[in-house]
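Asker: build me a model from this:
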Amino acid sequence: MRALYSRVPALVSAAALLAGLAGLAVAAEVRAAPAPAEDARRSAAAAPDENVGASCHTVVEGSTATAHCQNPYPRTDRVRLHVECERWWDVDGDSAPVEVGPADYAQVSGRCWKEIRSAWITHEPAAPGS
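Answerer: Have a look, this model is predicted:
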């Protein structure tokens, strides 16, 4: 019986060491993941003088976020408001796409039950002919 008890600390130590090494291997893989190539293509493709995208600013008042967008360009832009709520139980929300035509204005709102952590707008070009 004595031999069994003397092996238990060694077995526990070996199991903890293996679990720790497995955790380090996973963490090393996560840190070594390359940046998405899609973001690099978008930034390279969109020149700063290109006439696309509505100009938007977001206002957060309490639990409501409102985006005001104005499109000075000749192409239609499709905008969406994304709201991230502060509380873990509060549901984050994404608005339906809203088309902002040339020289047009749009207002998009979203809300949380309690506080808002962040709110932002995403843009995508509207389908040709719209």
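Asker: who does the helix or strand harbouring residue 79 pair with, and is each partner parallel or antiparallel?
Answerer: Using DSSP states H and E, residue 79 maps to strand 77-85. The strands beside strand 77-85 in its sheet (DSSP bridges) come out as strand 93-94 (antiparallel), strand 98-100 (antiparallel), strand 116-125 (antiparallel).
Asker: name the residues of the second one that are buried.
Answerer: It refers to strand 98-100. By neighbour count with 16 or more other CB atoms under 10 Å, strand 98-100 contains the buried residues 98, 100. Where you see a C-beta, it was placed from the backbone N, CA and C, and this is true even at glycine.
Asker: hmm, who's touching the next helix or strand after it?
Answerer: Sequence order places strand 104-111 as the next helix or strand after strand 98-100, per DSSP H and E. Identification of contacts with strand 104-111 by CB atoms under 8 Å, 6 or more residues apart in numbering yields 54, 63-71, 79-83, 93-95, 98-100, 119, 121.
Asker: mind running it again at 10 Å?
Answerer: The contact list for strand 104-111 (CB atoms under 10 Å, 6 or more residues apart in numbering) reads 54, 56, 58-72, 76-85, 90, 92-100, 116, 119, 121.
Asker: so how far is residue 98 from residue 120?
Answerer: Taken as CB to CB, to the nearest Å, the spacing of residue 120 relative to residue 98 amounts to 15 Å.
Asker: flag the shaky bits of this protein, pLDDT-wise.
Answerer: Within the chain, the ranges that satisfy pLDDT under 70 run 1-51, 129-130.
Asker: residues near residue 72, how many?
Answerer: Neighbour count for residue 72, taken as other CB atoms under 10 Å: 11.
Asker: surely it is in contact with residue 101?
Answerer: No. At 11.3 Å, residue 72 does not count as touching residue 101 under the criterion of CB atoms under 10 Å.
Asker: may I have stretch 97-112 as PDB, with CA atoms only?
Answerer: C-alpha atoms of stretch 97-112 as PDB (Å, rounded to 0.1, in the frame of the first residue of the first chain):
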ATOM      1  CA  PRO A  97     -29.400  47.300 -44.200                       C
ATOM      2  CA  VAL A  98     -30.600  50.800 -45.100                       C
ATOM      3  CA  GLU A  99     -29.800  52.200 -48.500                       C
ATOM      4  CA  VAL A 100     -28.600  55.800 -48.600                       C
ATOM      5  CA  GLY A 101     -28.900  57.200 -52.100                       C
ATOM      6  CA  PRO A 102     -26.900  59.900 -53.700                       C
ATOM      7  CA  ALA A 103     -27.300  63.200 -51.800                       C
ATOM      8  CA  ASP A 104     -29.600  61.500 -49.400                       C
ATOM      9  CA  TYR A 105     -29.800  61.200 -45.600                       C
ATOM     10  CA  ALA A 106     -30.700  58.300 -43.400                       C
ATOM     11  CA  GLN A 107     -31.100  57.700 -39.600                       C
ATOM     12  CA  VAL A 108     -30.700  54.300 -38.100                       C
ATOM     13  CA  SER A 109     -31.300  53.400 -34.400                       C
ATOM     14  CA  GLY A 110     -30.700  50.500 -32.100                       C
ATOM     15  CA  ARG A 111     -30.900  49.900 -28.400                       C
ATOM     16  CA  CYS A 112     -30.100  47.700 -25.400                       C
END
